[in-house]
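A.B. asks: need coordinates for the following:
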Amino acid sequence: MLTDYVIRVENVTYYYPNASKPALDSVSFKLRRGEILAILGPTGAGKTTLAYCLNGTIPHFITGGRLIGDIIVCGLNTKENPIRVLAQKVSLVFDNPEIQMFGLSVFECIAFGPTNLSLSKDEIIRRVKFAIEACKLKGLEYRNPSELSYGEKQSVAIASALAMTPEVLVLDEATAILDPTSRMRIYNTIYDIAKKHNMAAILIAQETGEVLPISDKVIVLNNGRIELEGSPHEILSEYNKLKNIGLRIPQVAELYYRLGQKGIITRTVGAPITIEEAYKIISSTLISRKGLLEKYNASLKDYSRGKKGKGKVIIRLENVHFMYPKGVKALNGVDLEIYEGEFIALTGPNGAGKTTLAKHLNGLLKPALGKVIVFGEDTKEKSVSYLSRKVGYVYQNPDLMFFNPTVRDELKYGPMNLGIPLNEINRRIEKVSKKLRLEEYLDYSPSSLPRGVKKRVALASILTMDPDVIVVDEPTTGQDWLESIQIMNILKELNREGKTVIVISHDMELIAMYANRIIIMSYGTILKDGSPRETLTDIDILNKASLRPPQITELFIKLSKLGMPKHVLTVDEAYDIMMKYCK
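C.D. replies: Okay, here's the model as predicted:
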């Protein structure tokens with residue numbers, strides 16, 4: 001029946017004002033109540049534009065463009081109904097929580113929407129309590145949003161949307177900055193609500209390994225057009241096309257296809273999406289062959305890319321405590337040594353103290369108790385401008401770093417304040433903008449750029465200052481898979497050139513690929529500090545920190561009972577092991 005469809009997108013094409021090329025081009029699809037649709041695609045594919053169309057932001061708020069075709073949501077044509085009407089049907093959550101806070105406390109923010117629906121007090125409280133529980137915000141109800149970590153703020157934004165009990169929920173990269181456990185909790189909650197209460201959900205995300213298992217349908221957008229459409233298994237069967245588009249493919253599916261290309265696995269079934277599906281396929285391959293050789297029970301060769309503690313100590317934290325106003329304790333006796341030339345990943349749950357610790361490294365924050373020694377100098381005795389010569393910090397939210405009219409001016413500002421000659425500044429701008437693919441944006445306003453490009457501009461503004469230590473908070477947020485790899489490759493190249501690199505990230509797959517040391521934090525303390533192989537296979541510690549190992553690591557931990565090594569971090573390692581064994 002026609003009424004079964006809660007969303008009908010009918011041959012939609014959209015041009016932004018003054019644009020000659022459409023952001024969306026002849027897009028059509030339908031979604032039933034209770035269905036979950038994953039929308040995948042590279043940066044610039046048109047995903048966010050489509051989200052804007054679904055709740056009427058286009059054409060009612062973003063005006064002056066040209067919208068062709070029709071979007072019918074809950075029986076309402078978005079062209080003919082104002083946002084205030086559509087907002088009662090569609091809840092939309094974006095990747096920037098700062099623009100979604102409407103209250104002086106977490107409770108007020110979540111209650112804002114239901115209150116505007118004129119619901120009873122009891123119903124508002126019931127909805128708020130449900131959303132707080134679903135998004136793991138218990139204990140933060142009366143905190144001011146400004147006191148929360150960025151990830152905690154995003155959880156509040158998602159909770160605010162859930163409290164509206166919408167007929168359609170759209171998340172546009174809204175879980176990207178959450179820790180893995182929080183992300184899965186949100187997805188599982190959405191799945192339960194969709195199936196029990198006939199809510200339709202659209203998940204725009206890069207985390208294919210987490211989104212695909214709960215999705216009924218998948219659309220792949222590329223250059224504004226629908227490139228692929230089908231079930232998750234049908235989409236993954238287009239392996240080569242997905243690779244060419246540049247999408248992140250679940251690690252277990254990647255391994256499956258690479259082994260299939262070599263004839264190690266007979267591809268008679270669809271590519272696995274989950275660890276359970278992959279285990280069933282690969283374990284049957286192992287069992288079908290004769291017993292494992294002793295060498296496959298031996299330690300895996302060292303892929304750990306170096307060990308901590310080599311070189312000289314350049315930063316030292318001694319019993320560092322820090323407390324925010326109103327008694328929020330963010331660091332609780334942290335002792336840490338950072339060595340010259342390391343590539344460190346700092347990870348842990350949202351609100352663990354990671355960003356707080358990072359801001360101590362260049363004096364943005366000063367310890368309430370203890371010492372931070374940077375290149376032999378106590379940060380309490382030095383200014384931020386002085387310390388920034390040695391330690392550059394890229395904010396999680398790049399908008400907080402911009403206050404110049406153009407990208408070129410942003411890249412020039414730091415080195416000018418350091419007294420660098422203009423010809424040298426221009427040389428640095430040219431080199432860095434080329435490295436980060438920013439040449440075409442140099443004369444743009446930073447605030448007008450897509451979030452992924454803003455992140456690169458923020459990094460570039462630090463690189464033109466040429467500090468010895470580069471700290472990047474969530475470097476790949478807002479980037480597609482190819483862009484994420486490119487950013488991490490740039491950081492790795494800087495590391496090879498002698499820079500000490502510290503990244504704060506929840507992307508366990510990228511951490512496993514690039515870091516040579518991982519520091520896991522929780523509740524303002526360090527839970528574990530070691531090599532990737534030591535930390536990412538310590539399941540007890542990961543569970544305490546609301547983290548999960550990379551998908552391929554989880555698979556090989558499960559396969560270890562059949563004789564496979566369990567300390568496997570990447571698809572390349574898994575592929576090498578399987579090829580050696582099967583030969």
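A.B. asks: switch to C-alpha atoms for all contacts and neighbour counts from now on
C.D. replies: Noted.
A.B. asks: tell me which residues in the lengthiest helix in the chain are buried?
C.D. replies: If you go by DSSP state H, the chain has its longest helix at helix 180-197. Residues 180-183, 186-188, 190-191, 193-194 are the ones in helix 180-197 that count as buried (16 or more other CA atoms under 10 Å).
A.B. asks: and it, how far out from the chain middle?
C.D. replies: Relative to its chain's centre, helix 180-197 lies at 17 Å (CA atoms, centre = their mean, to the nearest Å).
A.B. asks: just checking, what packs against that helix?
C.D. replies: Applying 3 or more CA pairs under 8 Å, 6 or more residues apart in numbering; DSSP states H and E, one finds that helix 180-197 contacts helix 121-134, strand 200-204.
A.B. asks: most packed of those?
C.D. replies: Compared across the helices and strands packed on helix 180-197, strand 200-204 shows the largest average neighbour count, a mean of 25 (mean count of other CA atoms under 10 Å).
A.B. asks: follow-up on the earlier one: want to throw the buried residues of helix 180-197 into a markdown table with pLDDT and distance to Lys241?
C.D. replies: Formatted as a markdown table, those follow (pLDDT from 0 to 100; distance: CA to CA, whole Å):
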| residue | pLDDT | distance to Lys241 |
| --- | --- | --- |
| Pro180 | 87 | 27 |
| Thr181 | 85 | 30 |
| Ser182 | 84 | 31 |
| Arg183 | 86 | 27 |
| Ile186 | 86 | 29 |
| Tyr187 | 89 | 26 |
| Asn188 | 88 | 29 |
| Ile190 | 90 | 29 |
| Tyr191 | 92 | 28 |
| Ile193 | 89 | 33 |
| Ala194 | 91 | 30 |
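A.B. asks: tell me which of those residues is nearest to Ile462?
C.D. replies: Checking the buried residues of helix 180-197 against Ile462 by CA to CA gives Pro180 as the nearest, at 28.4 Å.
A.B. asks: was I right about that closest one contacting Pro549?
C.D. replies: No - the pair Pro180 / Pro549 is not scored as a contact, 9.2 Å apart, by CA atoms under 8 Å.
A.B. asks: list the buried residues of stretch 198-216.
C.D. replies: Within stretch 198-216, the residues that count as buried by 16+ other CA under 10 Å are 198-212, 214-215.
A.B. asks: any idea how far Asn96 is from the residue nearest the centre of the chain?
C.D. replies: Among the residues of the chain, the one closest to the centroid is Ala176, at 3.1 Å (CA atoms, centre = their mean). In this view, Ala176 and Asn96 are 10 Å apart by CA to CA, to the nearest Å.
A.B. asks: and if you look at Asp468?
C.D. replies: Distance from Asp468 to Asn96, counting by CA to CA: 30 Å.
A.B. asks: just Ile68 next, same as before
C.D. replies: 28 Å.
A.B. asks: have a look at the two and say which one is more surrounded.
C.D. replies: Neighbour tally, Ile68 and Asn96, criterion other CA atoms under 10 Å: the higher count belongs to Asn96, 19 against 15.
A.B. asks: ok, now how distant is the more buried one from Ile158?
C.D. replies: Using CA to CA, we find Asn96 at a distance of 11 Å from Ile158.
A.B. asks: need the overlap of contacts for these two.
C.D. replies: Common contact partners of Asn96 and Ile158 (CA atoms under 8 Å, 6 or more residues apart in numbering): Ala174.
A.B. asks: quick revisit: quick one: closest of the helices and strands packed on helix 180-197 to Val391.
C.D. replies: The nearest among the helices and strands packed on helix 180-197, by CA to CA, is strand 200-204 at 34.8 Å.
A.B. asks: and the closest residue to Leu259 other than its chain neighbours, what does it touch?
C.D. replies: Using CA to CA, 6 or more residues apart in numbering and skipping residues adjacent in sequence, the residue nearest Leu259 is Ile265, 5.8 Å away. Shown in contact with Ile265 (CA under 8 Å, 6+ apart): 256, 259, 282, 285.
A.B. asks: buried only: go through those residues for me.
C.D. replies: Here, 16+ other CA under 10 Å leaves 256, 259, 282 buried among those.
A.B. asks: reformat those as a markdown table; add secondary structure, distance to Lys499 and pLDDT.
C.D. replies: What follows is the buried ones among the contacts of Ile265, written out as a markdown table (DSSP: H, G, I helix; E, B strand; the rest coil; distance: CA to CA, whole Å; pLDDT from 0 to 100):
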| residue | secondary structure | distance to Lys499 | pLDDT |
| --- | --- | --- | --- |
| Tyr256 | helix | 37 | 93 |
| Leu259 | helix | 37 | 90 |
| Ile282 | helix | 41 | 87 |
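A.B. asks: show me where the stretch 451-583 of the chain has its helices.
C.D. replies: Assigned by DSSP state H, counting those that start in this stretch, the helices in the stretch 451-583 of the chain fall at 451-463, 481-496, 508-514, 532-535, 539-544, 551-559, 571-582.
A.B. asks: also the stretch 51-200 of the chain?
C.D. replies: Assigned by DSSP H, counting those that start in this stretch, the helices in the stretch 51-200 of the chain fall at 83-86, 106-116, 121-134, 150-162, 180-197.
A.B. asks: nearest to Ser231, out of those helices?
C.D. replies: Among those, the nearest to Ser231 by CA to CA is helix 180-197 (15.9 Å).
A.B. asks: so the closest one versus helix 121-134, what angle?
C.D. replies: Taking axes from the mean of the first three to the mean of the last three CA atoms, to 10 degrees, one finds helix 180-197 and helix 121-134 inclined to each other by 140 degrees.
A.B. asks: relative orientation of helix 180-197 and strand 200-204 in degrees?
C.D. replies: Using the same axes, to 10 degrees: helix 180-197 against strand 200-204 is 150 degrees.
A.B. asks: got the CA coordinates for helix 180-197 in PDB?
C.D. replies: C-alpha atoms of helix 180-197 as PDB (Å, rounded to 0.1, in the frame of the first residue of the first chain):
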ATOM      1  CA  PRO A 180      32.700   2.400  20.000                       C
ATOM      2  CA  THR A 181      30.500   1.100  22.900                       C
ATOM      3  CA  SER A 182      28.400   4.200  22.900                       C
ATOM      4  CA  ARG A 183      28.000   4.000  19.200                       C
ATOM      5  CA  MET A 184      26.800   0.500  19.300                       C
ATOM      6  CA  ARG A 185      24.400   1.300  22.200                       C
ATOM      7  CA  ILE A 186      22.900   4.100  20.100                       C
ATOM      8  CA  TYR A 187      22.600   1.900  17.000                       C
ATOM      9  CA  ASN A 188      21.000  -1.000  19.000                       C
ATOM     10  CA  THR A 189      18.500   1.500  20.600                       C
ATOM     11  CA  ILE A 190      17.600   2.800  17.200                       C
ATOM     12  CA  TYR A 191      17.100  -0.700  15.900                       C
ATOM     13  CA  ASP A 192      14.900  -1.700  18.800                       C
ATOM     14  CA  ILE A 193      12.700   1.500  18.500                       C
ATOM     15  CA  ALA A 194      12.400   1.100  14.700                       C
ATOM     16  CA  LYS A 195      11.200  -2.500  15.000                       C
ATOM     17  CA  LYS A 196       9.000  -2.100  18.100                       C
ATOM     18  CA  HIS A 197       7.500   1.300  17.300                       C
END
